[in-house]
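Trainee: attaching a predicted model along with its sequence, questions to come.
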Amino acid sequence: METETRDRTTRRAWWRPHLDINMTVAVLAFVVSGLSFYRSYIYTKQQLDLTVTEVSYVTNQGELYLTVAFTNSGTRDAALLRVEPILWSRHGKPTPEWMPITGRIADLPLTNPKMPMIVRAGGVEVIVVSAKLDASDAETPVVSAAAQGGTFLGLRVATMNSDGNLYLVEHPVARLRIDGQGHISDAEAAIHKSLSGFSDLVEAPPGDRSQANKRTPFVWADKHY
């Protein structure tokens, strides 16, 4: 009798921690499943950031290249409707404004991949912009304190979030420095930070004057001869 009682006690002592572990695992699995359901179907985070990583202007050939990285750290997909280079210019108007640079380099598309496109939730897309810009158009003087002996290149981005809201961002990305003879000499960055793709921002030159950091794009232009 004592042996039987001892055996039952031993079995209970052995099963109890195993039952506790199984219950703990089951509870954790339920919590994880609930959090996953909440994040996928209830919780909504709309966030799209854009970072200009490179601006290159092959001045004497008139070839302008921009590389832009779009990071979607939200829980919903985002749509890129337009990504295009712009030039701060008068273009026959009394006051300067951002004008699109629409010339094409041979048979290269303006953007690669082509617009419009989707940036998936949690994903990153890198867009390469290619455009033809005649140096004489860039060297046309724009008299303003912001110009400071230069011409500004910018980026225009149109986006839409999963709720159907539309946004437009225009921001300087580089300043083409003009020498004493009125020709392009080189270039410098006019942006040193990432921008929110879900914001309405129309920024005139001179742009972001922060110190160079890990968000400052590589900017290059050769001298115009």
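Mentor: Yes, it's here.

Trainee: Three-state assignment for the residue nearest the centre of the chain, please.
Mentor: Nearest to the mean C-alpha position of the chain, counting by C-alpha atoms, centre = their mean, stands Leu50 at 1.3 Å. The three-state label given to Leu50 by DSSP: H, G, I helix; E, B strand; the rest coil is strand.

Trainee: what sits against it?
Mentor: Under the criterion of C-beta atoms under 8 Å, 6 or more residues apart in numbering, the neighbours of Leu50 are 68-71, 157, 169, 194-197. Using the backbone N, CA and C atoms, a C-beta is placed for each residue, glycine as well.

Trainee: and the strands in the protein?
Mentor: Along the chain, the segments classed as strands by DSSP state E run 48-58, 63-72, 78-89, 97-100, 111-112, 117-119, 124-132, 150-160, 166-178, 184-189, 195-196, 201-202, 218-221.

Trainee: out of those, which is closest to Thr24?
Mentor: Minimum separation from Thr24 across those (C-beta to C-beta) falls at strand 63-72, 35.3 Å.

Trainee: rewinding a little: beta partners for the residue nearest to the centre of the chain?
Mentor: Phe70, Leu195 (DSSP bridges).

Trainee: which pLDDT value goes with it?
Mentor: The per-residue pLDDT reported for Leu50 equals 98.

Trainee: next: Ile178.
Mentor: 91.

Trainee: who does it form a beta bridge with?
Mentor: Residues in beta-bridge contact with Ile178 (DSSP bridges): Ile184.

Trainee: renumber starting at 58 from here on
Mentor: Done: numbering now begins at 58, and the last item shifts to Ile235.

Trainee: so what's the residue count around it?
Mentor: Close neighbours of Ile235, defined as other C-beta atoms under 10 Å, add up to 19.

Trainee: roughly how far does it sit from Thr208?
Mentor: 7 Å (C-beta to C-beta, to the nearest Å).

Trainee: could you do His281 as well?
Mentor: His281 sits 11 Å away from Thr208, going by C-beta to C-beta.

Trainee: between these two, which is the more surrounded one?
Mentor: Using other C-beta under 10 Å, the more surrounded residue of His281 and Thr208 is Thr208, with 25 against 21.

Trainee: that one against Gly239, yeah?
Mentor: No: here Thr208 does not reach Gly239: they are 10.7 Å apart, not a contact under C-beta atoms under 8 Å.

Trainee: mind giving me the domain split of this protein?
Mentor: When the chain is parsed with automatic domain parsing, its domains come out as 58-100, 105-278.

Trainee: related to what we said a few turns ago, who touches both of His281 and Thr208?
Mentor: 196, 241.

Trainee: before we move on, the earlier item: out of the domains of the chain, indicate the one that is most buried.
Mentor: Of all the domains of the chain, domain 105-278 carries the top mean neighbour count, a mean of 17, counting by mean count of other C-beta atoms under 10 Å.
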